[in-house]
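S.K.: I'll drop the sequence and a predicted model, then ask my questions.
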Amino acid sequence: MKPINIGILGLGTVGSGAVGVLRNNAAEISRRLGRDVNVLMVATRSEEKARAVCTPETKVTADPFDVIKHPEIDIVVELFGGTDIAKDLVLQAIENGKHVVTANKKLLAEYGNEIFALAEQKNVMVNFEAAVAGGIPIIKALREGLSANNIRTIAGIINGTSNFILSEMREKGSDFADVLKQAQALGYAEADPTFDIEGHDAGHKITIMSALAFGTPVNFNACYLEGISKLDSRDIKYAEELGYRVKLLGITRKSEKGIELRVHPTLIPESRLLANVNGVMNAVRVDADMVGETLYYGPGAGSLPTASAVVADIIDISRLITADSGNRVPHLAFQASEVKAQRMLDMDEIISSYYLRVEADDKPGVLGQIANLLAKENVSIEALIQKGVIDKTNAEIVILTHSTIEKQIKNAIAEIEALDSVNTPVVMIRMESLHDKRGE
Ligand code: HSE
């Protein structure tokens, strides 16, 4: 069979990794695919870099539009990232009848509906395994491996930078700001780390997984984002003393009331597998009605792991290129006509358990007042301990609650903060036990 021709936009970490994977594993890839994959053209501003990475046969251009216009290119691999030029290029490539592979989570979480609609219209495939959790084949699992199931909950550690920072804070007792500097020095965190540490990157990834799990359009606007930058190492320590680890989780869950879509620091029991995913590694737990709980673990970033996902997409598209569009795997896992918006729950409506830390005067009756306010809002206490007196007059009280509606815990917190004996804002971190059918 004649080789499949690809054009790559961007020869950064992932792009040069993809060229390397295609070259190093060319024989094995051909054995699987039944044809060769030929890198016909790359778009990069550094001709020197392209020459170092690609074979002499690969054409090099500084103009990415040369790639998407090239009549012999079957698949365009978009690795520029971002939503400016990448969006125009992807839409134009689809208009030109090219299949697309992209690692661009931001583009798909924010503009996926427009991109997939155009792809349907033009009968082309858009594959995006590398957009979520790097080298872990979670898109394949959600779109195909679990297709016999009703998916109930997905909870994932899907930002390696944040997980590295939280792991270091726990192991060394260091403060957030110090570990962030270390992560930047090691090259894990970007110079502007906002996207990673404030939950945007994880939000893009859980938004894409939520759409695939529940057959809804992508809806990043509905995703609640809370990052790790305000976490105090004290709370990580107290959580550990109580048998919990703090992880930045992306969570999506479907109930009769609607769909939850959220990213925030979360206490999880230390016995859960997810609690033991450390450093820059990623892991995604999926709870589905027939199979039960499955867990996917691996590198969520890096040149070769992410390139492994990109090349798998190239192979998948090459296999299905001659299949009629009705027999291909749908972009959002469900037939396009069956992708339907569902009610997205407001954060006040979600059900969770909570960790609270209250700084209050160390005097008789304070604990009783706090417990009464929680009871008034129908919040049931699982554990309540006084951590000690932090100065001559102030005590720290740590409370774990049973599951409750978020609105009620927020009401209780407002009332606790209004007490004369409470002197600073209450710290609230959500908790998930991840062990039952609801995953609460
Ligand atoms: N910046 C991401 C992370 C990797 O830290 O996991 C790319 O999505």
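M.R.: Right, received. Where do you want to start?
S.K.: tell me the mean pLDDT for stretch 284-298?
M.R.: Mean pLDDT, stretch 284-298: 97.
S.K.: that one: which residues count as buried?
M.R.: 284, 285, 286, 287, 288, 293, 296, 297, 298 (16 or more other Cβ atoms under 10 Å). All C-beta spots, glycine's among them, are computed from the backbone N, C-alpha and C.
S.K.: among the residues you listed, which ones are in strands?
M.R.: 284, 285, 286, 287, 288, 293, 296, 297, 298 (DSSP state E).
S.K.: list the contacts of residue 425.
M.R.: Residue 425 makes contact with residue 417, according to Cβ atoms under 8 Å, 6 or more residues apart in numbering.
S.K.: okay, now residue 31: neighbour count?
M.R.: Neighbour count of residue 31, defined by other Cβ atoms under 10 Å: 9.
S.K.: checking it next. Helix, strand or coil?
M.R.: helix (DSSP: H, G, I helix; E, B strand; the rest coil).
S.K.: can you pull the contacts of it?
M.R.: Counting by Cβ under 8 Å, 6+ apart, residue 31 has no contacts.
S.K.: now do 10 Å
M.R.: Going by Cβ atoms under 10 Å, 6 or more residues apart in numbering, residue 31 touches residue 25.
S.K.: what's the spacing between it and residue 318?
M.R.: According to Cβ to Cβ, to the nearest Å, residue 31 and residue 318 sit 13 Å apart.
S.K.: buried sites along the helix or strand bottoming out on mean pLDDT in the chain?
M.R.: Each helix and strand of the chain was given a mean pLDDT (mean pLDDT, DSSP states H and E); the minimum falls on strand 381-389 at a mean of 87. For strand 381-389, a neighbour-count test (16+ other Cβ under 10 Å) marks residue 384 as buried.
S.K.: ok, residue 46 to residue 62 distance?
M.R.: Taking Cβ to Cβ as the measure, residue 46 falls 9 Å from residue 62.
S.K.: right, is stretch 16-29 up against the ligand?
M.R.: No. Judged by Cβ under 6 Å from any ligand atom, stretch 16-29 makes no contact with the ligand; its nearest approach is 12.8 Å.
S.K.: got the contact list for that stretch?
M.R.: By Cβ under 10 Å, 6+ apart, stretch 16-29 touches 6, 8, 10-11, 31-32, 35-39, 42, 44, 49-50, 52-55, 58, 77, 79, 101, 103, 130, 302-315, 318.
S.K.: what subset of these is buried?
M.R.: 6, 8, 10-11, 36-39, 42, 44, 49-50, 53-54, 58, 77, 79, 101, 103, 130, 302-315, 318.
S.K.: what parts of the protein come near the ligand?
M.R.: Checking the chain against the ligand by Cβ under 6 Å from any ligand atom, the hits are 159, 160, 161, 196, 201, 300, 301.
S.K.: the domain parsing of this structure - what is it?
M.R.: Partitioning the chain according to the TED database yields domains covering residues 4-127, 139-299, 347-431.
S.K.: now do the end-to-end distance for the second one.
M.R.: So that's domain 139-299. 14 Å (Cα to Cα, to the nearest Å).
S.K.: quick check, pLDDT for whichever residue of the stretch 251-400 of the chain sits closest to the ligand.
M.R.: Here the stretch 251-400 of the chain gets closest to the ligand at one residue, residue 301, 3.7 Å apart by Cβ to the nearest ligand atom. On the pLDDT scale, residue 301 is placed at 93.
S.K.: run a quick neighbour tally on it.
M.R.: With other Cβ under 10 Å as criterion, residue 301 counts 21.
S.K.: kindly report the same for residue 102.
M.R.: Neighbour number of residue 102 under other Cβ under 10 Å is 27.
S.K.: my read is that it contacts residue 91, right?
M.R.: No. Contact between residue 102 and residue 91 fails when scored by Cβ atoms under 10 Å: they sit 11.6 Å apart.
S.K.: common neighbours of these two, please.
M.R.: Common neighbours of residue 102 and residue 91 (Cβ under 10 Å, 6+ apart) are residue 115.
S.K.: and the domains of the chain: which comes nearest residue 334?
M.R.: domain 139-299 (3.6 Å; Cβ to Cβ).
S.K.: how far off centre is that closest one?
M.R.: 6 Å (Cα atoms, centre = their mean, to the nearest Å).
S.K.: what's the answer for stretch 78-96, then?
M.R.: 21 Å.
S.K.: what residues of it count as buried?
M.R.: 78-81, 83, 86-87, 89-94, 96.
S.K.: from the residues you listed, pick the one nearest the ligand.
M.R.: Among those, and counting by Cβ to the nearest ligand atom, the member closest to the ligand is residue 81, at 9.3 Å.
S.K.: that closest one falls within a strand, correct?
M.R.: No. Secondary structure of residue 81 (three-state DSSP): coil, not part of a strand.
S.K.: list the contacts of the nearest residue to it once chain neighbours are set aside.
M.R.: In this structure, residue 81 finds its nearest non-sequential neighbour in residue 104, 5.6 Å apart by Cβ to Cβ, 6 or more residues apart in numbering. Residue 104 sits next to 10, 78-83, 86-87, 90, 110-112, 115, 128, 130-131, 204 when contact means Cβ under 10 Å, 6+ apart.
S.K.: now the helices for the stretch 1-150 of the chain?
M.R.: Counting by DSSP state H, counting those that start in this stretch, the stretch 1-150 of the chain has helices at residues 13-24, 26-33, 47-53, 64-69, 85-95, 105-121, 138-140.
S.K.: what sits against residue 166?
M.R.: Residues in contact with residue 166 (Cβ under 10 Å, 6+ apart) are 157, 159, 176, 179, 228, 231, 233, 236, 245-248, 265, 278-279.
S.K.: top of the residues you listed by neighbour count?
M.R.: Going by other Cβ under 10 Å, residue 159 tops those with 31 neighbours.
S.K.: quick check: closest non-adjacent residue to that residue.
M.R.: Among residues not flanking residue 159 along the chain, residue 202 sits closest, at 4.4 Å (Cβ to Cβ, 6+ apart).
S.K.: so for the helix or strand containing that neighbour, mean pLDDT?
M.R.: Assigned by DSSP states H and E, residue 202 falls within helix 200-214. Helix 200-214 shows a mean pLDDT of 98.
S.K.: now do that helix and helix 105-121, the angle between them.
M.R.: 30 degrees (axes from the mean of the first three to the mean of the last three Cα atoms, to 10 degrees).
S.K.: which parts of helix 200-214 are buried?
M.R.: 200-214.
S.K.: tell me which residues are up against stretch 382-396.
M.R.: Contacts of stretch 382-396 (Cβ under 10 Å, 6+ apart): 234, 237-238, 241-243, 353-363, 366-367, 370-371, 374, 397-403, 421-424, 427, 431.
S.K.: OK, contacts around the residue nearest to residue 163 when sequence neighbours are not counted?
M.R.: The shortest distance from residue 163 to any residue other than its chain neighbours is 5.2 Å, reached at residue 157 (Cβ to Cβ, 6+ apart). Residues near residue 157 by Cβ under 10 Å, 6+ apart: 133, 163, 166, 202, 247-250, 266, 268, 274-275, 277-278, 280-285, 297, 300.
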